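Trainee: model this:
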Amino acid sequence: MKTKNIILIIVVIAVVAGMYYSLTGSETSAGYMARIEQLRSEKDNNFKAGDDSPFGDSIAFTGLKYFPIDTRYRINARLTEINPKKPVVLPTSDGREKSYLEYAYAEFEFDGVKNKLLILEIMDMGPYRGTLFLAFADKTSAAETYGAGRYLDVKKVPGAKSITLDFNEAYNPYCAYNDNYSCPFPPKENMLDVEIKAGEKTYH
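Mentor: Predicted coordinates for the structure are as follows:
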C-alpha cells in the first residue's frame, strides 16, 4: 500500500473517531440531563400518590422545586477512608439522637474553596445497615434551600480513592415537608462555606 493511501486512511479514521467521541459526549450529556429530569418527575409522582409520601391529606402537594441542572455540581472528590472508625451521634429534628459510624472524608475544591465532607455509615440493623449517609448544609441553607440541610446518596465502593458527589441529586429530608418525621442534622464538619445551587430547593 502506498504511503499516500496509508496517510489518507489514518486521517479518515481520526476524523471518524473524533466525530464519534463528539457525538457520544453530547449523547452522554443529554442522557445525563434526561436521567435527572426523570428522577425528579418520578419523585413528584410518588409524592402525589405513593404510600410512603410525606404529604398527607392535610398537606397540599404542588410539586417539588429545584435549581436548574448544572453539570458543574457533579463533582469528583478525593476519598480518604477513616481508620480507626469511631461512632458519631447526630441530633435529630424531633430532639432525639441517631448513631452512625465514620466511613470516609470526601475532599474537593469548588469556586476556589477547599471543602471536606464527612461520609457516615448506617449502623442500624435492617436493610440499610452498612450503606452510606451524607448530610450537608451550605450557604443557601435557610434561604433558597431547607434550613436544616440536605441529603445526598452515595455508593460504597471498597478500596475506592475517589467518589462522585452529584449535588444535582441533593434532596430534602422528609421533615422538610412534615414535622412528624425524625431527620438527622448534618454533622458540624459538613457545613460548607460555599453555595451549592443544585438539587432540591426549599418546598414551603
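Trainee: what residue ranges in this protein score low on pLDDT?
Mentor: 1-27, 57-58 (pLDDT under 70).
Trainee: Distance from the chain centre to the strand ranked longest in it, please.
Mentor: Counting by DSSP state E, the longest strand found in the chain is strand 97-110. Mean-position distance between strand 97-110 and its chain equals 13 Å (Cα atoms, centre = their mean, to the nearest Å).
Trainee: Next, the buried residues of stretch 68-88.
Mentor: 69, 73, 74, 75, 77, 79, 88 (16 or more other Cβ atoms under 10 Å). C-betas here are computed from N, CA, C, even on glycine.
Trainee: Can you get me the start-to-end distance on that stretch?
Mentor: End-to-end distance for stretch 68-88, by Cα to Cα, to the nearest Å: 34 Å.
Trainee: Could you do stretch 51-71 as well?
Mentor: Stretch 51-71: ends 32 Å apart by Cα to Cα.
Trainee: and if you look at stretch 70-90?
Mentor: 30 Å.
Trainee: Name the residues that touch that stretch?
Mentor: Contacts to stretch 70-90, defined as Cβ atoms under 8 Å, 6 or more residues apart in numbering, come from residues 29, 32, 97-108, 110, 117-118, 120-121, 123, 135, 160-168, 184-187, 196-199.
Trainee: again, only this time at 7 Å
Mentor: 97-108, 110, 120, 160-168, 184-185, 187, 196, 198 (Cβ atoms under 7 Å, 6 or more residues apart in numbering).
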